[in-house]
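Asks: can't give you the sequence, but here's the structure:
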């Protein structure tokens, strides 16, 4: 179409076919039971399909990052240090000249090979952490598919008790109080269970509609020297307060971006400022808030702690100590409100 400019770009990071095949596989395996057993107040179908789509994207992303490779054209070709494929002829009883049989055989081989490949990659995978994991569905599916990791949220959700014990053991109730705010947390006596946001080096950090934690994702990842993905939803500043991300200076006559577009631009800027090459993918999920911002390639490793403090003070216009007190007060009120509901 003449004059048409594509507004969004899908399949930049993960090829469409790989995503679609894995998404179809996950839907067939999990969707019916997850929708049937849904206990949250949110719409089940949308939420289940959305998180299955995100799981499919992450699985293919990790398969590529940690040693994945497309299926070889020659079935005798092997992965480096990988399993050798049996090229011996099939028994006579299995020979069939029909095209349908050949296609089915090929498809079965591809599926089996894909599972073998993912199992090999999982041995190299450093693990994930889902910060602000909410209902835990994404953690649940990834664990069941063999990807080690865990998630935490400020409050336990109803869904957690519906998962198998091994999944429940990897869903934790924690507040996040970043390490740079620790002096402020000491004013809270006794402190609730909290995490300081420092993870083992290389842990893949997931911030899926993590609200107050979204802007923190690039900074926490940088401090842990880890890759991350952020899928923004609602705008919150580094103090946890709602805000509208500043709009970059526009050319004369340009239409201002939506609040969501401004939020995504802000997270992209934080990603670049934290020393990452910015990557962005518009996910094929049933949500209008489907932008994924990734940081997995470094432009700088210098003084991450100092850089993170500088970013927080620049964005907030006050000292880290002041922001820390505001964040701690916000989390204290949230925790106490939740505790009242539990009694």
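Replies: Okay, I see it. Just so you know, these numbers come straight off a predicted model, no measurement behind them.

Asks: Just say helix, strand or coil for the residue nearest in space to the middle of the chain.
Replies: The C-alpha lying nearest the average C-alpha coordinate of the chain belongs to residue 206 (C-alpha atoms, centre = their mean; 3.3 Å). Under DSSP: H, G, I helix; E, B strand; the rest coil, residue 206 falls in the strand class.

Asks: what do you get for residue 129?
Replies: Going by three-state DSSP: residue 129 is strand.

Asks: For it, give its distance to residue 44.
Replies: Residue 129 sits 26 Å away from residue 44, taking C-beta to C-beta, to the nearest Å as the criterion. Where C-beta positions appear, they are placed from N, C-alpha and C, glycine not excepted.

Asks: which of those two has more neighbours?
Replies: Set residue 129 next to residue 44 and count neighbours by other C-beta atoms under 10 Å: residue 129 wins out with 25 against 15.

Asks: wait, the more buried one sits on residue 208?
Replies: No: using C-beta atoms under 8 Å, residue 129 is not in contact with residue 208; the gap is 11.5 Å.

Asks: does residue 63 sit in a helix or strand, and which one?
Replies: Using DSSP states H and E, the element containing residue 63 is helix 44-65.

Asks: Contacts for stretch 233-241 next, please.
Replies: 209-212, 214-216, 242-245, 259, 262-263, 266, 289, 312, 315-316, 323, 326-327, 330-331 (C-beta atoms under 8 Å, 6 or more residues apart in numbering).

Asks: Those residues, buried ones only, as a PyMOL selection?
Replies: Buried residues among these (16 or more other C-beta atoms under 10 Å), as a PyMOL selection:
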select buried, resi 209+210+211+212+214+215+216+243+245+262+263+266+312+315+316+323+326+327+330+331
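
Asks: Show me the beta-bridge partners of residue 281.
Replies: residue 292 (DSSP bridges).

Asks: what's around it, how many residues?
Replies: Using other C-beta under 10 Å, residue 281 has 22 other residues around it.

Asks: In terms of pLDDT, where does it sit?
Replies: As predicted, residue 281 sits at a pLDDT of 97.

Asks: same question, the one 10 residues further on
Replies: The score at residue 291 is 97. That number is its pLDDT.

Asks: Residue 297 versus that one, what's the distance?
Replies: In terms of C-beta to C-beta, residue 291 sits 18 Å off from residue 297.

Asks: of the two, who's got more company?
Replies: Each of residue 291 and residue 297 has its neighbours counted (other C-beta under 10 Å); residue 291 has more, 22 against 11.

Asks: Can you name the residues that contact residue 214?
Replies: For residue 214, the contact set (C-beta under 8 Å, 6+ apart) comprises 207, 230, 232, 233, 234, 236, 263, 267.

Asks: Burial check on residue 37, number of neighbours?
Replies: When neighbours are counted by other C-beta under 10 Å, residue 37 comes out with 11.

Asks: residue contacts, it?
Replies: Neighbours of residue 37 in contact, by C-beta under 8 Å, 6+ apart: residue 162.

Asks: returning to that earlier point: same list (the contacts of residue 214) but as TSV, adding pLDDT and secondary structure.
Replies: Output for those, formatted as TSV (pLDDT from 0 to 100; DSSP: H, G, I helix; E, B strand; the rest coil):
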residue	pLDDT	secondary structure
207	98	strand
230	98	strand
232	97	coil
233	94	coil
234	93	coil
236	95	strand
263	96	helix
267	98	helix
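
Asks: Among those, which one sits closest to residue 337?
Replies: Lowest distance from residue 337 to those (C-beta to C-beta) belongs to residue 236, with 16.9 Å.

Asks: neighbours around that closest one, how many?
Replies: 21.

Asks: And the helix holding residue 63, what does it pack against?
Replies: Where contact means 3 or more C-beta pairs under 8 Å, 6 or more residues apart in numbering; DSSP states H and E, helix 44-65 is packed against helix 16-26, helix 32-36, helix 99-124, helix 137-144, strand 204-208, strand 228-231, strand 291-298.

Asks: I'd like these laid out as JSON lines, including distance to residue 151.
Replies: Shown next, in JSON lines, are the helices and strands packed on helix 44-65 (distance: least, C-beta to C-beta, whole Å):
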{"stretch": "helix 16-26", "distance to residue 151": "18"}
{"stretch": "helix 32-36", "distance to residue 151": "16"}
{"stretch": "helix 99-124", "distance to residue 151": "18"}
{"stretch": "helix 137-144", "distance to residue 151": "4"}
{"stretch": "strand 204-208", "distance to residue 151": "8"}
{"stretch": "strand 228-231", "distance to residue 151": "14"}
{"stretch": "strand 291-298", "distance to residue 151": "17"}
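
Asks: Which positions in stretch 21-38 come out as buried?
Replies: 21, 22, 23, 25, 26, 27, 30, 34, 38.

Asks: sorry, that was for stretch 140-149
Replies: By 16+ other C-beta under 10 Å, the buried positions in stretch 140-149 come out as 140, 141, 142, 143, 144, 145, 147, 149.

Asks: do stretch 145-164 as well
Replies: 145, 147, 149-154, 156-157, 159-160, 162-163.

Asks: Which members of those residues define the maximum pairwise distance?
Replies: Across the buried residues of stretch 145-164, the longest distance by C-beta to C-beta is 26.1 Å; it joins 145 and 154.

Asks: Any regions of the chain where pLDDT drops low?
Replies: Along the chain, segments meeting pLDDT under 70 span 1-8, 68-113, 184-188, 250-253, 338-343.
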